[in-house]
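Chemist: next come a sequence and a model predicted from it.
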Amino acid sequence: MSSPELVPGLAGIPAAESSVSFIDGQAGVLEYRGYPIEELSAHSTYEEVAWLLLYGELPTAEELKAFTADLERLRVLPEALVSMVKAFPRTGHPMQALQASLAGLGMVAPKVDLKDAASRDEATRRVIAATPVLVALFERVRAGKEYVAPREGLGTAANFLWCLDGEEPDEVAAKTLDCALVLHAEHTMNASTFACRVVASTENDPYTSCSGAVGALFGPLHGGANERVLNQLGTIGDLSNVEAWFEGKSERKEKVMGFGHRVYKTKDPRAKNLQLLANEMFGKLGSTPKYDIALKLEQVVTEKLGSRGIYPNVDFFSGLVYEKLGLATDVFTPIFAMARVAGYCAHWSEQMLDNKLFRPGQIYKGKRQRAYVSIDKR
Ligand SMILES: CC(=O)SCCNC(=O)CCNC(=O)[C@H](O)C(C)(C)COP(=O)(O)OP(=O)(O)OC[C@H]1O[C@@H](n2cnc3c(N)ncnc32)[C@H](O)[C@@H]1OP(=O)(O)O
Ligand SMILES: O=C([O-])CC(=O)C(=O)O
């Protein structure tokens, strides 16, 4: 039998069978459990989408009520976890804090019985419920402010804003953030979801698995790009500089953040939705010069690289929306993570129902059968 050929980055190689989401990268289609992302972002909420991802169907009114009540209950952080986050170095990146916080959540949560559906459900719901509160808590800690406990009667997005500021969340801000969470909740076998499934496959709980996934999401080629997009727009600085900046990037063979995707070879459908969201917000609250720079950058990059399938991805417009909501640039990727934990948990659950340890092979390129050389002879 001939040995298999290496496919760098496992591009296009299936790592699992899954019914959680579907992408057609040529047509720019994304569906969660068969529902187009455009339908969900227009009509649904993050809680409803989280249920859909976890259980495969839209919830009934009764199911949604019970699920929402569960999320409210599981949002309340044990004191030991709050103390742990308070002790984190304030200079750490919020994604590092979140990765550690999710591991910490596993330390204070009841042990998960992987064979018991109720125990698995409780654990996945705890991750989805607690993640936004943990992100907000670290924001407060590094600003030298006191912890704001979750408030009853608020959805995930509104409660996150409450925990950040301790003030009545603005309705437009909460609705906008809710829609952004829906758009980021799931995306097939991306690097962080794959990382989650690899950790899960060693029979790990969702806390450890999602903590590993958050580590993978942090990198600039993945979720970490959204923070860099905004910094990039700041560096460009002025509309008149877009072309020259892009030429410089191309000459240095550097990538433009927020463009290109392993699967989409057209404009990411979520980038289209986030752009609509940005337009809506700017209509209400006033635009920003960075948005004009972003539009010009899209035009220039598309002209030069569109023929190679390089278009805006999900990370391109999200930061403009979050900045308008008054959120710090380095909290953009944690916001991505607090949405994506729903997808991670759906994949974790799928992995648990039909688990096989991930243990791929390699193509060995090193030396073999060498004779040991004593240190005085080297
Ligand atoms: C949530 C998410 O993870 S969405 C992605 C977020 N990441 C970013 O925005 C970072 C910038 N983009 C990228 O690095 C890439 O497009 C990736 C990693 C996302 C996907 O790329 P891949 O399909 O693996 O392609 P790869 O990185 O190998 O690039 C293929 C070619 O396109 C070029 N290319 C890809 N993306 C870009 C970009 N953003 N800017 C300029 N050139 C690019 C590469 O330089 C490479 O060119 P070459 O063949 O001349 O060497
Ligand atoms: O799918 C990918 O490769 C990256 C990702 O998570 C996304 O685009 O949301």
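Modeler: Perfect, thanks for sending it. Ligands and ions are numbered 1, 2, ... in the order given.

Chemist: what's the burial count for residue 101?
Modeler: 27 (other Cβ atoms under 10 Å). Using the backbone N, CA and C atoms, a C-beta is placed for each residue, glycine as well.

Chemist: helix or strand for it, which one?
Modeler: If you go by DSSP states H and E, residue 101 is part of helix 94-108.

Chemist: what pLDDT, on average, does the helix or strand just after that helix get?
Modeler: For helix 94-108, the following helix or strand on the C-terminal side (DSSP H and E) is helix 117-142. Per-residue pLDDT values across helix 117-142 average out to 98.

Chemist: distance check, the closest residue to residue 73 other than its chain neighbours against ligand 2.
Modeler: Spatial nearest neighbour of residue 73, excluding adjacent residues (Cβ to Cβ, 6 or more residues apart in numbering): residue 129 at 7.7 Å. Here the criterion is Cβ to the nearest ligand atom, to the nearest Å. By it, residue 129 lies 22 Å from ligand 2.

Chemist: measure residue 129 to residue 67 for me?
Modeler: Residue 129 sits at a distance of 10 Å from residue 67 (criterion: Cβ to Cβ, to the nearest Å).

Chemist: next: residue 193.
Modeler: According to Cβ to Cβ, residue 193 and residue 67 sit 22 Å apart.

Chemist: show me what contacts residue 50?
Modeler: Residue 50 makes contact with 67, 128, 156, 185, 342, 345, according to Cβ atoms under 8 Å, 6 or more residues apart in numbering.

Chemist: then residue 113?
Modeler: Per Cβ under 8 Å, 6+ apart, neighbours of residue 113: 119-120.

Chemist: of residue 193 and residue 67, who's got more company?
Modeler: residue 193 (26 against 21).

Chemist: look up phi and psi at that one.
Modeler: phi -70, psi -40 (degrees, to the nearest 10).

Chemist: surely residue 152 and residue 69 touch.
Modeler: No. The pair residue 152 / residue 69 is not scored as a contact, 9.5 Å apart, by Cβ atoms under 8 Å.

Chemist: pLDDT weak spots in this protein?
Modeler: For the chain, the stretches with pLDDT under 70 are 1-2.

Chemist: which bits of it sit near ligand 1?
Modeler: 9, 221-223, 225, 255-262, 308, 310, 313-315 (Cβ under 6 Å from any ligand atom).

Chemist: of those, grab the buried ones for PyMOL.
Modeler: Buried subset of the residues of the chain next to ligand 1, written as a PyMOL selection, criterion 16 or more other Cβ atoms under 10 Å:
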select buried, resi 222+223+225+256+257+258+259+260+261+262+310+313+314+315
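
Chemist: which of the three states applies to the residue lying closest to residue 361 once chain neighbours are set aside?
Modeler: Closest residue to residue 361 apart from its sequence neighbours, by Cβ to Cβ, 6+ apart: residue 4 at 7.5 Å. Classification of residue 4 using DSSP: H, G, I helix; E, B strand; the rest coil returns coil.

Chemist: re the thing from before, which parts of the helix holding residue 101 are buried?
Modeler: Within helix 94-108, judged by 16+ other Cβ under 10 Å, the buried ones are 94-106, 108.

Chemist: other SSEs contacting that helix?
Modeler: helix 79-86, helix 117-142, helix 206-217, helix 332-353 (3 or more Cβ pairs under 8 Å, 6 or more residues apart in numbering; DSSP states H and E).

Chemist: contacting residues for the residue of the stretch 1-150 of the chain found nearest ligand 1?
Modeler: Relative to ligand 1, the nearest point of the stretch 1-150 of the chain is residue 9 (5.8 Å; Cβ to the nearest ligand atom). Contacts for residue 9 (Cβ under 8 Å, 6+ apart) come out as residue 262.

Chemist: cool, residue 218 as well?
Modeler: Counted by Cβ under 8 Å, 6+ apart, residue 218 has contacts 93, 95-96, 99, 224, 333.
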